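In: Below are the sequence and a predicted model for it; my questions follow.
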Amino acid sequence: MGKSIWISAQPLDRKRCTFVADRTVMPGGLFRFATRSEAQESPLAAKLFDLPRVNAVWITDNEVTVTKDGDEEWEELEDRAIELIREHLSAKAGCDTDTVGDDRVFSFSPAMEAAILAQPPVSDAGAVGEDRSPLPLPATDLRSRVQYVLDSQINPAIAAHGGFAALIEVKDDTVYVQLGGGCQGCGMADVTLKQGIEAIVKGAIPEVREVLDVTDHAGGRNPYYAPSRK
Amino acid sequence: MQRLLLLLPTSTYRAAAFIGAARRLELDLVVGSERSHPFQERRSGGFLSFDFLRLDLALREVRAAAAVRPFDAIVGVDDASTELATRLSEALALPHNPVAAAAAARDKYKMRRIWDEHDVPIPRFALRSFEDDLVREAARTVFPCVVKPLTLSASRGVMRANDERQFLGAVRRLEAILRSPDLAQEGEASRHLLVESFVPGREVALEGLLSQGRLHVLALFDKPDPLDGPFFEETIYVTPSRLPTAEQSSIAACAAHAAAAMGLADGPVHAELRVGPDGPRVIELAARSIGGLCSRTLQFGTGLSLEELILRQALRLPIPTFERAGGATGVMMLPVPRAGVLREVRGIERALDVPGIEDVAITVHPDQDLVPLPEGSSYPGFLFADGETPRAVESSLREAHRRLEFRLAPPRASVV
């Protein structure tokens, strides 16, 4: 029974799911594939984009985060994404794969087990307090880590209001973001920034002290909430 | 670290100011709103959402959050959220104004009944129903009068009538406003209207903070543009007031009397008064702070914002001073030039170049319908100015406004 590769699925919500493998999926930092054309640079990302409603893929080290449109449960896509990741890793390693039960745990061949045990453990940096990040952050520079949090945790959430947050600059311990779409000019933009974005970024990256908004809110064309007097 | 539940309706202009104040006070902040926030699932400790009109549902959510960690105060930012904050505070045994006082502060008729019983100087008033025989009511109305909704603020729905024909027109127009979809939650209040005698004279606004029943006057604003109708669009507010000191004292005493009569003892107060030959007359008093972005004009002591004072008072933190800092200051709530669809606002840089102008904040967006009073519910924006004297501030605001140009397309057919 030549079995290998362990992958777990961790849905964050109905739009985001992170798949954590027992080995490196893609070494060398954080890779973002925000469009189908960008995904052509990676065979795995390209295949994941072929799944229904998938709109972005992030790959770093041993994890793959997939975001999708719609509020359907992850159950169906989860299995298919795991299968694609498994095929990708199998092709790289030349090992057999098979599922065991519903928890998507794979067992290893003795040779692969030895190789896996030789790998360093997966970091769980970024897991802090209430705003614990469920995602291991890539061990890269501060800007990349902030970008990763924006991409994987912030933007998928505010996309529900047609908004997005773009990283403008990281200077010392201060992050500068620009809000767009439904967030630009929104009456609740400060709530989103301070109660949401800043809290989540600081929770994931403790060395960040502050997140500041450099948005021209007067230029917003379609704010999600417009203030009014009643 | 003290824990604050801040009730922020999604339509508020006040979010930035209160969030900033809570941050400067390093509070553990929970934002309660009537709609779920996109981060609510991710940061359940930072957000609550519940129907602001359903005390039972709100209380269930707030009690659950308080069980995890108790709140030290619950603060609302507008009329409706302030009343809800009072009711929630009562249920959680937190410091609060009497619920009856908070309810009266939201209802123009209830507050006038109380004032009348306590000899607070006010205009003559009467409650009318849209189901009344309004032709008969018009015949027994003394003119000029002012027709008002019971609950709206910022002059929305307020109209002057000089004769029976105008009265009937104003009542029908107000009824239509109260039937608009965004006011569907007004409930019983939307079936009635207030008819009040028109008081000639200047109008002023008093910003105050009540603390254990004592009214601290934070600012008295002159409104130099005449507010004589037919609608009452507020524009320029300038402080300090240019009225004689004795008259200012009389206004403060009148506002304090009105607040005390209602039973308000703590928290912010925003009062509007008419000052005629017979002295001041209270025409409105709300248990909240000034609306829109106007509070940006006010700083206290070494730079405390109005919202910091309010939160400090709510949390029973020391308030270093109630003294306003700086010289003359003012704000202009930009009037809606006419009905239409906003294409662009020109002249912002030229307006900013006017000496004394501190900021130009445009709060409408391209393609937004601009609707004038009495129907309209959005301020196009705000001008802020500082200066050596109130007169200089007023001049700066007028010149900056003159340099702004709102380019509008014709109104859409569906917009009133």
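Out: Cool, the structure landed. Residues are numbered from 1 along each chain as shown, chains lettered A, B, ... in the order given.

In: so residue A:195 sits in a helix?
Out: Yes. Looking at residue A:195 with DSSP: H, G, I helix; E, B strand; the rest coil, it is inside a helix.

In: doesn't residue B:33 make contact with it?
Out: No. Residue A:195 is beyond contact range of residue B:33, at 10.2 Å (criterion: C-beta atoms under 8 Å). All C-beta spots, glycine's among them, are computed from the backbone N, C-alpha and C.

In: which of these two has more neighbours?
Out: Looking at residue A:195 and residue B:33 with other C-beta atoms under 10 Å in any protein chain shown, you find the greater number of neighbours at residue A:195, namely 27 against 23.

In: For residue A:207, see how far away that one is.
Out: From residue A:195 across to residue A:207, the span is 20 Å (C-beta to C-beta, to the nearest Å).

In: again with residue B:147
Out: Separation of residue B:147 from residue A:207 (C-beta to C-beta) stands at 59 Å.

In: So between these two, which is more surrounded?
Out: Using other C-beta under 10 Å, the more surrounded residue of residue B:147 and residue A:207 is residue B:147, with 23 against 9.

In: is it true that that one touches residue B:167?
Out: Yes. Between residue B:147 and residue B:167 there is a contact at 7.0 Å, judged by C-beta under 8 Å.

In: ok, which residues in chain A are in contact with chain B?
Out: Neighbours of chain B within chain A, by C-beta under 8 Å from any C-beta of the partner chain: A:12-13, A:130-131, A:153, A:157-158, A:160-161, A:163, A:185, A:187-192, A:194-197, A:199-200, A:218-223, A:225-230.

In: try 7 Å
Out: Residues of chain A lying near chain B by C-beta under 7 Å from any C-beta of the partner chain: A:13, A:130-131, A:153, A:157-158, A:160-161, A:185, A:187-188, A:190-191, A:194-196, A:199-200, A:218, A:220-221, A:223, A:225-230.

In: Buried subset of those as a PyMOL selection?
Out: Buried members of those, defined by 16 or more other C-beta atoms under 10 Å in any protein chain shown, are picked up in PyMOL with:
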select buried, chain A and resi 13+131+153+157+158+160+161+185+187+188+190+191+194+195+196+199+200+218+220+223+225+226+227+228+229+230
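
In: Let's see which of the residues of chain A next to chain B end up in helices.
Out: A:157, A:158, A:190, A:199, A:200 (DSSP state H).

In: neighbours around residue B:241, how many?
Out: Here the count is done by other C-beta under 10 Å, and residue B:241 has 21 residues near it.

In: From what I see, it and residue B:247 are in contact.
Out: No. Using C-beta atoms under 7 Å, residue B:241 makes no contact with residue B:247, being 8.3 Å away.

In: After the helix or strand of chain A with the lowest mean pLDDT, which helix or strand is next?
Out: Using mean pLDDT, DSSP states H and E, the weakest-scoring helix or strand in chain A turns out to be helix A:110-118, at a mean of 37. Remark: after helix A:110-118, the chain's next helix or strand is helix A:142-149, criterion DSSP states H and E.

In: Go through stretch B:214-224 and flag the buried ones.
Out: Neighbour-count burial for stretch B:214-224 flags B:215, B:216, B:217, B:218, B:219, B:220, B:221, B:222, B:223, B:224 (criterion: 16+ other C-beta under 10 Å).

In: With stretch B:356-368 instead?
Out: For stretch B:356-368, burial by neighbour count (16+ other C-beta under 10 Å) applies to B:356, B:357, B:358, B:360, B:361, B:362, B:363, B:364, B:365, B:366, B:368.

In: filter these down to the ones close to chain A.
Out: Contacts with chain A within these, counted by C-beta under 7 Å from any C-beta: B:362, B:363, B:365, B:366.

In: Which of these fall in strands?
Out: Members of these lying in strands (criterion: DSSP state E): residue B:362.

In: Find the residue closest to the residue most central in space within chain A in space, skipping its chain neighbours.
Out: The centroid of chain A falls nearest to residue A:152 when counting by C-alpha atoms, centre = their mean (3.2 Å). In space, and not counting its chain neighbours, residue A:152 is closest to residue A:65: 5.0 Å by C-beta to C-beta, 6 or more residues apart in numbering or on different chains.

In: since we're on that neighbour, how many residues are nearby?
Out: By other C-beta under 10 Å, 24 other residues sit near residue A:65.

In: how close does it sit to residue B:404?
Out: Taken as C-beta to C-beta, the span from residue A:65 to residue B:404 is 46 Å.

In: any idea which element the residue of the stretch 51-200 of chain B at minimum distance from chain A lies in?
Out: Taking C-beta to the nearest C-beta, chain A has its nearest neighbour within the stretch 51-200 of chain B at residue B:154, 3.7 Å off. Counting by DSSP H and E, no helix or strand carries residue B:154.

In: these two touch, right, it and residue B:291?
Out: Yes. Counting by C-beta under 7 Å, residue B:154 touches residue B:291, with 5.7 Å between them.

In: circling back: kindly indicate which of the buried residues of stretch B:356-368 lies nearest residue B:341.
Out: Closest approach to residue B:341 among these (C-beta to C-beta): residue B:368, at 7.2 Å.
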